[in-house]
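> Next come a sequence and a model predicted from it.
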Amino acid sequence: MRRASGARGPSRRASALFVAAALLGLSIAAVLTYGLMVFPRRPGPGGGRPVEVVIVEGDDVAQVAAKLDEAGLLRSRRTFEAYARVVGIRPSPGRHLLTDEASVHELVARLERLGGATKAKVTIPEGWTRFDIARRLEALQVASAEAFLSATTQPELLRELAIEGDSAEGHLFPATYELPKDSDPADVVRRLKAELERRWTILEQNHRLGRAQLEGTLHFTRRDILTLASMVEREAAVDDERPVIASVFINRLRDPSFKKKVLQCDPTSAYGCLVLRDRVPGCAGFSGKVTHAMNVDPLNTYSTYVHEGLPPGPIANPGTKSIQAVLAPASTKYLYFVTRGDRRHAFSETLEEHNTAVEDLRRRAKKD
């Protein structure tokens, strides 16, 4: 009987050790599950406030955690550090647009910029400027407006993308994109430029003769075509008038009887005030409305009222239809047009006809 009783002792101890080990294993599993699955997916402490954080090359996990914590993006700095060390975070240096409702998992994905971040659907309408695009990107948490605008004027990036001039204006193709939140602004510029390249290839193949004529008679480069297309985009309100408006500008440049080659396009003056405001007295108080002062100020290099030919570069980002309108303009003798107030224009071949059209419109406006 003693031997039997003694035999049960080790068995009980083994069972107790097994239970303890199982409980320890379950506890470790629970901690790991929370640390790697639950905690990283919990929303951040805020309600969606955007915050810009700058990550410097060589920042370690502790430094990254400190920056995020100081910006109010973390519920627990220590837990974030532990998680970041386990997953081996490799943040991309540079400026990051983050939000305080983002989970730790989302923050890590955005910081690494490897494509794992939540994506935003970004629609860029035809005729928007890079300034318009910048505001939308910031609103959708894709990139800060300032960082994107800086990327559009970065000399190294412009050289990489073979963009002439001092900005990527005119080369940011208007379309709908899915872009990761907190994207590298330079990558966004590359994406939009790549879409232009794709569309341009098709347009060029379909309108080889039109491009050859523009090159032969006006010495137009691709940049010139995009510049004129951006003017058409800003002037036209209905598709069927785009080729006609393009023909007016081209006729003015080609017609030997039209002595002073001024294109008199209001949107060019407005764009000049957008980018040169502090350097142009005529742009003082500019709020978006075109005035006589900004049109006639010689310091406004974009004004096509005082400067002949095309402006220094595109004034917006044209879509396919406006680019096509320049490559295949309507066959007209029109040299003038004026808006009628119904989203359409009145076109004229002579100055006399144009003045009559303007007077008619004024009389109708007074009656209304």
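In hand now; what should we look at? Numbers count the residues shown, from 1 in each chain.
> Domains in the protein, by residue range?
13-117, 119-196, 201-367 (automatic domain parsing).
> In a markdown table: those domains, plus mean neighbour count and mean pLDDT.
The way it works is simple: take the backbone N, C-alpha and C, and place the C-beta from them, glycine included. Formatted as a markdown table, the domains of the chain follow (neighbours: other Cβ atoms under 10 Å; pLDDT from 0 to 100):
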| stretch | mean neighbour count | mean pLDDT |
| --- | --- | --- |
| domain 13-117 | 15 | 83 |
| domain 119-196 | 19 | 97 |
| domain 201-367 | 18 | 95 |
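> Off-centre distance for stretch 158-174?
12 Å (Cα atoms, centre = their mean, to the nearest Å).
> Just want the most central residue of the protein.
Nearest to the mean C-alpha position of the chain, by Cα atoms, centre = their mean, lies Ile133 at 4.0 Å.
> Can you list the neighbours in contact with the strand or helix carrying it?
Assigning secondary structure by DSSP states H and E places Ile133 in helix 130-139. Identification of contacts with helix 130-139 by Cβ atoms under 8 Å, 6 or more residues apart in numbering yields 50, 97, 122, 124, 143-146, 148-149, 152, 167-169, 172, 179, 188, 192, 274, 317.
> now for the following helix or strand past it, which elements pack on it?
Sequence-wise, the next helix or strand downstream of helix 130-139 (DSSP H and E) is helix 145-152. Under the contact criterion of 3 or more Cβ pairs under 8 Å, 6 or more residues apart in numbering; DSSP states H and E, helix 145-152 touches helix 130-139, helix 185-206.
> pretty sure Ile225 is in contact with Ala325, am I right?
No. Contact criterion Cβ atoms under 8 Å: Ile225 and Ala325 do not qualify, at 10.4 Å.
> which residue ranges form the strands in this structure?
50-55, 94-99, 119-123, 176-180, 336-339, 345-348 (DSSP state E).
> any chance of those strands in JSON lines, with distance to His207 too?
Formatted as JSON lines, the strands of the chain follow (distance: least, Cβ to Cβ, whole Å):
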{"stretch": "strand 50-55", "distance to His207": "43"}
{"stretch": "strand 94-99", "distance to His207": "39"}
{"stretch": "strand 119-123", "distance to His207": "26"}
{"stretch": "strand 176-180", "distance to His207": "25"}
{"stretch": "strand 336-339", "distance to His207": "23"}
{"stretch": "strand 345-348", "distance to His207": "23"}
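> Of the ones you listed, which is nearest Leu253?
In terms of Cβ to Cβ, the element of these nearest to Leu253 is strand 336-339, at 14.1 Å.
> how far away is the residue nearest to the centre of the chain from His354?
According to Cβ to Cβ, to the nearest Å, Ile133 and His354 sit 35 Å apart.
> what's the answer for Arg110, then?
Taking Cβ to Cβ, one finds Arg110 at 55 Å from His354.
> same deal with Ala284?
From Ala284 to His354 the distance is 30 Å (Cβ to Cβ).
> What of Ala194?
Distance from Ala194 to His354, counting by Cβ to Cβ: 42 Å.
> which non-adjacent residue is nearest Ala84?
Closest residue to Ala84 apart from its sequence neighbours, by Cβ to Cβ, 6 or more residues apart in numbering: Val61 at 4.8 Å.
> And Ala293, by the same measure?
Gly282 (3.9 Å).
> The one you found: what's it in contact with?
Counted by Cβ under 8 Å, 6+ apart, Gly282 has contacts Cys273, Thr291, Ala293, Met294, Asn295, Val296, Asp297, Leu299, Asn300.
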